[in-house]
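Asks: below: sequence and its predicted model.
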Amino acid sequence: MLPYVALSILATMAIIHASLSIGYPNVRVHPYLTLAPLIFISTLIAGFRYQTGGDWQVYEEWYGSFSSDSIFTFGVEPGWIAYSLLLRRLGFNFDWYLLATAAISNLLIWKGLAAVIQHRRTAIICFGFYCLIVFYSAQMFYIRAGLATGLFLLAIAASRRSKIRAGILLLVAVSMHSAAVLAALIYVCIRLSTRNRGLLLASVVGLAVLFTLVSKFFLPPVYLEGDFADPRALSFKAAIGIVLFATIIVNLARFKEEYSPEVAAICIAALTVPYMFESFEVGGRVRMFFSPLDGLPIYFLLRLLVGRRNTVVPLVVASGVFVLIYWTNAYVLELFTPYHTWLPKLL
């Protein structure tokens, strides 16, 4: 557990440092002083793992099986195959391929957050919360999801100035992970509804009904049976999500003014997507495209409650609560502990 404990501490330190910089602008210590170690250590944890994580063995088999003749026939997104073949031709074995992918994913996620939020210190808070929870799913479970998510966020940021550039980035994201198409559909519907609370609520309810029906009547059984298909229930985590959702809805005008309608749409999607599906498999994969902004509704709520200058202690508590929720999940412990690394191979 030591690597995960170290990552949790670094992430919390980055969150605290960024919140202090926001609350006390006279603080001269640059927030990158804690962000840089966080990006570095999280990259190493994801990139140096060996037989640790959800799909490690599957991706290892794929990496050895990909060929230029199978880009459109292998059954995996062609962009991911092309990316894998490029690294393989550059001489990367699977271990170094994981490390390179972890580094690129982390940088894309950070660049996407910074671009879409447009306030670096707030983006650091979001990246800190991302490393506390979502990082493990996006970069140590599905692997390619981190790449696609970073590109998806960059596409949303680019849409403010160039729809063509945004479309190109989205196509690349889709070529890495096809769930980006569904994420884009959900985002556009919610983004077009952010003009007022009533329209936004109607859009969310409509999407929830639509996807519930689709998941019930049209999804293959593999998505509706087994460990990934537990029905949604009102858990402690779900209750927190409802509170955060209500906070944004009640303060929608202020939230859009402080951040942007695009950011509001992403946060609303992150809080509601899991409950639009009966299947964890589908809902979880789509939600990952929005979840790097999970920390923003938390920070916004705490600012409303205690003010900009007094968020440090509540943010530490929030970090601890989310770490506890995540690491008390037996399935998570089974996937990620004990942590193994391929570093001994270098000796």
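Replies: That came through, no problem. Since we're looking at a predicted model, the values are computed, not measured. Numbering: from 1, shown residues only.

Asks: roughly how far is stretch 55-68 from the heart of the chain?
Replies: 23 Å (CA atoms, centre = their mean, to the nearest Å).

Asks: ok, stretch 146-161 next?
Replies: Here stretch 146-161 is found 12 Å from its chain centre; the criterion is CA atoms, centre = their mean.

Asks: same question for stretch 186-197.
Replies: When C-alpha coordinates are averaged (CA atoms, centre = their mean), stretch 186-197 and its chain have centres 20 Å apart.

Asks: give me the residues contacting it.
Replies: If you take CB atoms under 8 Å, 6 or more residues apart in numbering as the criterion, stretch 186-197 is touched by 156, 199-200, 202-204, 206-207, 249-250, 252, 256, 261-262, 264-266, 268-269, 273, 276, 286, 289-290. Every residue, glycine included, has its C-beta placed from N, CA and C.

Asks: again, only this time at 6 Å
Replies: Contacts with stretch 186-197, where a contact means CB atoms under 6 Å, 6 or more residues apart in numbering, come from 199-200, 203, 207, 249, 252, 261, 264-265, 268-269.

Asks: buried subset of the residues you listed as a ChimeraX selection?
Replies: Applying 16 or more other CB atoms under 10 Å to those leaves a buried subset, and the ChimeraX line that selects it is:
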select :200,203,207,249,252,261,264,265,268,269
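
Asks: which one of the contacts of stretch 186-197 sits closest to Leu33?
Replies: Leu33 has its nearest neighbour among those in Ala264, at 30.1 Å by CB to CB.

Asks: for the helix or strand encompassing that closest one, the averaged confidence score.
Replies: Assessed by DSSP states H and E, Ala264 sits inside helix 261-272. The average pLDDT within helix 261-272 is 93.

Asks: so what does it touch, helix or strand wise?
Replies: helix 179-191, helix 236-250 (3 or more CB pairs under 6 Å, 6 or more residues apart in numbering; DSSP states H and E).

Asks: hmm, who's touching the one helix or strand Leu44 maps to?
Replies: For Leu44, the host element (DSSP H and E) is helix 32-47. The contact list for helix 32-47, computed with CB under 6 Å, 6+ apart, reads 3, 7, 10-11, 13-14, 17, 98-99, 102-103, 106, 124, 131, 135, 139-140.

Asks: what's the answer for stretch 123-134, then?
Replies: Here stretch 123-134 makes contact (CB under 6 Å, 6+ apart) with 11, 14-15, 18, 31, 35, 42, 110, 113-114, 117, 291-296, 299, 322-323, 326.

Asks: low pLDDT regions in the stretch 101-250 of the chain?
Replies: Scanning the stretch 101-250 of the chain for pLDDT under 70 picks out 215-235.

Asks: before we move on, the earlier item: ranking the helices and strands packed on helix 261-272 by burial, who's on top?
Replies: helix 179-191 (a mean of 20; mean count of other CB atoms under 10 Å).

Asks: distance between that one and the chain's centre?
Replies: 15 Å.

Asks: want to throw the helices and strands packed on helix 261-272 into CSV with distance to Thr212?
Replies: CSV is the format used below for the helices and strands packed on helix 261-272 (distance: least, CB to CB, whole Å):
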stretch, distance to Thr212
helix 179-191, 14
helix 236-250, 16
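
Asks: in helices only, show me the contacts of helix 32-47.
Replies: 3, 7, 10-11, 13-14, 17, 98-99, 102-103, 106, 124, 135, 139-140 (DSSP state H).
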